[in-house]
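J.: build me a structure from this.
(one chain, ligands or ions: 1)
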Amino acid sequence: LRLGVMASGSGSNFEAIVAAIAAQRLHAQVRVMICNNPKARVFERADRWHIPAVLHNHRQVPSREALDTQIVQTLHDHQVECVIMAGWMRIVTPVLIHAFPNAILNIHPSLLPSFKGIHAVEQALAAGVKIAGCTVHRVVPAVDSGEILAQAAVPVMPEDTPETLQARIHLQEHRIYPQAIASIIPEFRPTPSA
Ligand code: GRF
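T.: Next up, the predicted model:
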């Protein structure tokens, strides 16, 4: 499966996916990594794994739609079939969503539908939940909605800070994201019926 990964920050999920491919736990290729933030650490990770990296700086385009138009072009240029949002911190528009019907995944650091949005880990702590986690879901126009493909739960410890809880969640993200991608490969490679 030909993947394009979109990331904005550290890129640890990007690297977990690339590592799962290298270990042959995921039968796919990352054709391109797209990032909107020129300073993001994900560029170093892409370099290290020799994955083509493309900057689409949102500060240099006039609208979300214009940004997504550029991104769709880059994804098509690299013959991407399935788009993986891995810590992509921009809201995407129908321009992107309709270009890859049913073929865009996102990971979110909560057990959706709880705690949508960018402060999910802080909100889980503030709510006093004893179980937190992460979710891989299909991307639809509403933020952090769409069909759930995989989830993992982690305990919340009394002494947790947002950082310690986030770290525990991250470990599970790195495990379930490659698995969730693997689970949709048959949608792209239907086995011929007899
Ligand atoms: C993850 O916690 C993910 O759930 C959220 O953004 C974070 C990305 O982390 N959407 P990384 O850049 O993959 O390390």
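
J.: what is the neighbour count of the residue of the chain found nearest the ligand?
T.: Going by C-beta to the nearest ligand atom, the ligand is nearest to G87 of the chain, at 2.6 Å. Every residue, glycine included, has its C-beta placed from N, CA and C. Counted with other C-beta atoms under 10 Å, the neighbours of G87 add up to 22.

J.: how near is it to W49?
T.: Relative to W49, G87 is positioned 16 Å away (C-beta to C-beta, to the nearest Å).

J.: surely the residue of the chain closest to the ligand is in contact with I17?
T.: No. Under the criterion of C-beta atoms under 8 Å, G87 is not in contact with I17, lying 11.5 Å apart.

J.: so for V83, what's the nearest residue that isn't a sequence neighbour?
T.: I104 (4.3 Å; C-beta to C-beta, 6 or more residues apart in numbering).

J.: any idea how far the one you found lies from V5?
T.: Going from I104 to V5 by C-beta to C-beta gives 11 Å.

J.: kindly report the same for T191.
T.: From T191 to V5 the distance is 26 Å (C-beta to C-beta).

J.: check P141 too.
T.: For P141, the distance to V5 - C-beta to C-beta - is 21 Å.

J.: of those two, who's got more company?
T.: V5 (28 against 12).

J.: confirm the more buried one sits in a strand?
T.: Yes. Checked against DSSP: H, G, I helix; E, B strand; the rest coil, V5 lies within a strand.

J.: got the contact list for it?
T.: Applying C-beta atoms under 8 Å, 6 or more residues apart in numbering to V5 gives the contacts 14, 17, 30, 32-34, 83-86.

J.: mind checking pLDDT for it?
T.: pLDDT, V5: 98.

J.: now do the buried residues in the longest helix along the chain.
T.: Assignment by DSSP state H gives helix 162-188 as the longest helix of the chain. For helix 162-188, burial by neighbour count (16 or more other C-beta atoms under 10 Å) applies to 165-166, 168-170, 172-174, 176-178, 180-182, 184.

J.: and it, what does it pack onto?
T.: For helix 162-188, the packing partners by 3 or more C-beta pairs under 8 Å, 6 or more residues apart in numbering; DSSP states H and E come out as helix 12-22, strand 82-85, strand 104-108, helix 120-127, strand 131-138, strand 148-155.
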